[in-house]
Structure formats: C-alpha cells, structure tokens
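Asks: Provided below for reference: sequence and predicted model.
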Amino acid sequence: MSAHHAVSQPTLGYTLGMVAVLVASFASDPAGAIDVKLTMEEAKKSLAAGRDPMMKASDAAKPDDEIKKVLQQASLVTRVGADPEKEPCGTSAILRTKRFWLESFGRKEATESKKQKADVRMPDDKIQKYLDMPNLEIEVQLCGDDEYFAEGVQVAFQQGAKTIKPVDISQADRGRKIELASKTSAYRTRFTARFAYDSFDPNAKTKVVVFFMDGKQIEFEADFSKVK
C-alpha cells in the first residue's frame, strides 16, 4: 500500500487577509498529549483502530450510512475549535498526528480488503516511515468576506517567550462560497502547515497564531491534550 503526503512550499507576498489566533492548551501529563514516539506494536494497534470500525461498517445492513458515520467520527477526533457542522464559519484545525495517519491508512486497509476479498496490510517498512515522521501537520479552516481573503497566510506556535515557525506551509485554497442561516454569504478556505516535532513541547500551553495581512484576528480555545 502506498502513502501520499505532500505540502507545498511557503508562499509570501499576497495582499488580502486577516489574523486568526487559535489558542490551544496541552495537558501537563505526557500520557495525555500528542504521541511523538510510537512503537511498531502501538502503530499496528492504531491501524487496527482505523480498520476494524470500517470493516464492521461495511458489513452492516446499510454500509454507506455506517461508513459515513465512521468517517464523520474520525474527522472529529483530531479536530480542535469550531465544529463545521454546527458553525459553518467557525475557525477550526485538524491535527494530523502519527496516529491520525495510521488510523487513516487502517481505513484504507479495510476498503482494499473488501475489494480484494483478502486481508490487506501495510508492510512494516511503510509503517516505520510513519513512525519516523518528523513533523506534525495541521489543517486550519476559516471563513472570510471574499474568495481571496486568505492569500499569503502564515502561521506559528507561541509557547511562552518562544515562537515556533513551521517547516513549510501551503498556499490557502481559493475561498469556497457558502450560504449561512442568516441568509448572508461567506467564503470558507483551508491551508496546511507542518511543524517539526522536536521544535515544540507537546505538553506546554500553546498559542497557535495564524497571520494574515490586515491585522484582524479570530481566536478560539482548544485542548490539544485530547488529541493523540
């Protein structure tokens, strides 16, 4: 099974934007924080944690409905901030940790196993590549007033007096127009950034700051300690 993971290089110099501040707090207990180091055994348990619910969903009386529920639940596990289903224009972030990627590929194992009618498993050497991943990826989702509001986005972690910059960041997507209950329109976009695991403390109180050009800001509280 092959794995695809890519993020574009930083893009600077765009003109429109805003500042969104995502406030996050890591637990003081290391057992409750993001897992930076995993063993092969733990990795295989994460693959199974993604694979098994998908296999059961596929065997259900209405598999499409059950699979949808599994995917929806998976999207909530590593999300911090607003729930897009409840707040279409709320700011949120998905933390793509090592466990996130492993469980995602566990679900792919289930899908391929069903197609091939045989157990499909990721080889150990592929698993090891995920165990050795040096970076945490985050995907930030937010809203603005026009489709280009997020051009030139930048992001950093703030831990005490220390500012941690990402190793790379993608250009924000062109905003997609959405209609709100208030009968007004807004544009929703997203971008990703990767932070070296060895550059920040996964147990420290952290402020994740998303920088745009015009000085405005949005902020929300999040608890990274609930994310593995």
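Replies: Received, thanks. Numbers count the residues shown, from 1 in each chain.

Asks: Helix, strand, or coil at E139?
Replies: strand (DSSP: H, G, I helix; E, B strand; the rest coil).

Asks: low-scoring stretches of this protein, by residue?
Replies: 1-33, 219, 221-224 (pLDDT under 70).

Asks: center of it, which residue is that?
Replies: Central residue of the chain (CA atoms, centre = their mean): I94, 2.6 Å from the mean position.

Asks: Do I have it right that it meets S75?
Replies: Yes - the pair I94 and S75 qualifies as a contact (CB atoms under 8 Å) at a distance of 7.3 Å. All C-beta atoms are positioned from the backbone trio N, CA, C, and that covers glycine.

Asks: still on that earlier bit, surely the residue nearest to the centre of the chain forms part of a strand?
Replies: Yes - counting by three-state DSSP, I94 is part of a strand.

Asks: Any idea what it is bridged to?
Replies: R79, E139 (DSSP bridges).

Asks: Check K162 too.
Replies: On the basis of DSSP bridges, K162 is bridged to Q159.

Asks: heads up, I number from 27, so please use that
Replies: All right, first residue 27 from here; so that's K188.

Asks: Strands of the protein, start to end?
Replies: In the chain, the strands defined using DSSP state E lie at 45-51, 105-107, 118-122, 161-170, 180-185, 188-190, 194-195, 202-205, 211-222, 231-237, 243-249.

Asks: could you dump those strands to a markdown table with distance to G132?
Replies: Below are the strands of the chain laid out as a markdown table (distance: least, CB to CB, whole Å):
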| stretch | distance to G132 |
| --- | --- |
| strand 45-51 | 26 |
| strand 105-107 | 18 |
| strand 118-122 | 15 |
| strand 161-170 | 18 |
| strand 180-185 | 28 |
| strand 188-190 | 30 |
| strand 194-195 | 26 |
| strand 202-205 | 29 |
| strand 211-222 | 21 |
| strand 231-237 | 27 |
| strand 243-249 | 25 |
